[in-house]
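Trainee: sequence and predicted structure, then a few things I'm wondering about:
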Amino acid sequence: MLNIADNLDHIHHRIQRITKIVGRISDDIVLLAVSKGQPAQAIRNAYELGQRHFGENYLQEALEKQQQLSDLTDICWHFIGPVQSNKTRKVAERFDWVHTVDRIKLAQRLSALRPESQAPINICLQVNINKEKSKSGLLAENVEDLAQSVLELPRVKLRGLMTIPQNNQTETGQHESFAAIAQLLTKLRNSSPQLATLDTLSMGMSADLEIAITEGATIIRVGTGIFGPRQTPQKIPEDNTDQLDS
Ligand SMILES: *Cc1c(COP(=O)(O)O)cnc(C)c1O
């Protein structure tokens, strides 16, 4: 608890410091606490310290913790891992945001499976900004087409773009990757009136949040910087069958 309190304080200080330097408002930055591999109690501790946004990568792990935390009604859950087709229904039902939409099929299914009783689900398009073979996400040149198609879907609300840049870059390279995503968002916003309201850039983690904020991040995703090392195996084996549930 003490650690989480100190760590959260430290991250908030880093946000304050960099926003002051670059002339941004710290309240415009959402701190997303990435809680994969952390027990429900760690999430509860962070919640008690005022943290409200939590990010999970693995559905089964997330559902178990959500059940243990069901009394925390104003918590905001973000899905930030790859979404398998046969898991889409639960993602559509149990999360407020999905950061990793990279194909129209997934957006269509999220829209179709989002319960009527809930607000449309917030989504970001994940962009593979450094064109890495190993990474999911769209190439930059395909983003505008997907954004236009997503606008047709009634139960998803397109909010902006998300990226995980290549990790061993120089500082200049990191700046360039984040700046490229920011420029892509500006281009999208200018491309049509319905896209002018996009307001989200999900980028930056524990190690590079200053650079991301400098280049325009509105959501930073911080895991170990808040909770320390992950306690359960990071990769939870999931059933890989691709059967559809709709
Ligand atoms: C795990 C993860 C993070 C957090 O990474 P840390 O190094 O723990 O801060 C951020 N974004 C995504 C997509 C992740 O999977």
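Mentor: Ah, there it is.

Trainee: please make it C-alpha for all contacts and neighbour counts, starting now.
Mentor: Will do.

Trainee: run through who's touching stretch 111-126.
Mentor: Stretch 111-126 is contacted from outside by 88-89, 92-93, 95-102, 110, 136-138, 143, 147, 153-163, 200, 202, 246, using Cα atoms under 8 Å, 6 or more residues apart in numbering.

Trainee: ranges for the helices of this structure?
Mentor: 2-22, 40-48, 59-68, 88-94, 104-113, 143-150, 171-191, 209-214, 224-227 (DSSP state H).

Trainee: contact partners of the fourth one?
Mentor: Contacts of helix 88-94 with the rest of the structure, by Cα under 8 Å, 6+ apart, involve 59, 63, 77, 79, 83, 106, 109-111, 113-115, 121, 245.

Trainee: let me know the closest of those to the ligand.
Mentor: Closest to the ligand out of the contacts of helix 88-94 is Phe79 (8.8 Å), distances taken as Cα to the nearest ligand atom.

Trainee: let me know the pLDDT of the closest one.
Mentor: Reported pLDDT at Phe79 in the predicted model: 98.

Trainee: so what's it closest to, chain neighbours aside?
Mentor: Distances taken as Cα to Cα, 6 or more residues apart in numbering put Val98 closest to Phe79, at 4.7 Å, once the chain neighbours are dropped.

Trainee: who touches that neighbour in this structure?
Mentor: Listed by Cα under 8 Å, 6+ apart, the contact partners of Val98 are His78, Phe79, Ile80, Ile121, Asn122, Ile123, Cys124.

Trainee: hang on, isn't Leu69 packed against Arg44?
Mentor: Yes - applying Cα atoms under 8 Å as the test, Leu69 and Arg44 come out as touching, 7.3 Å apart.

Trainee: neighbour count winner among these two?
Mentor: Arg44 (18 against 15; other Cα atoms under 10 Å).

Trainee: how close does the residue lying closest to Arg52 once chain neighbours are set aside get to the ligand?
Mentor: Leaving out its chain neighbours, the residue that sits closest to Arg52 by Cα to Cα, 6+ apart is Ile75, at 5.0 Å. Separation of Ile75 from the ligand (Cα to the nearest ligand atom, to the nearest Å) stands at 18 Å.

Trainee: use 50 as the first number for this chain going forward.
Mentor: Fine by me, first position is 50 from now on; the one you just mentioned is Ile124.
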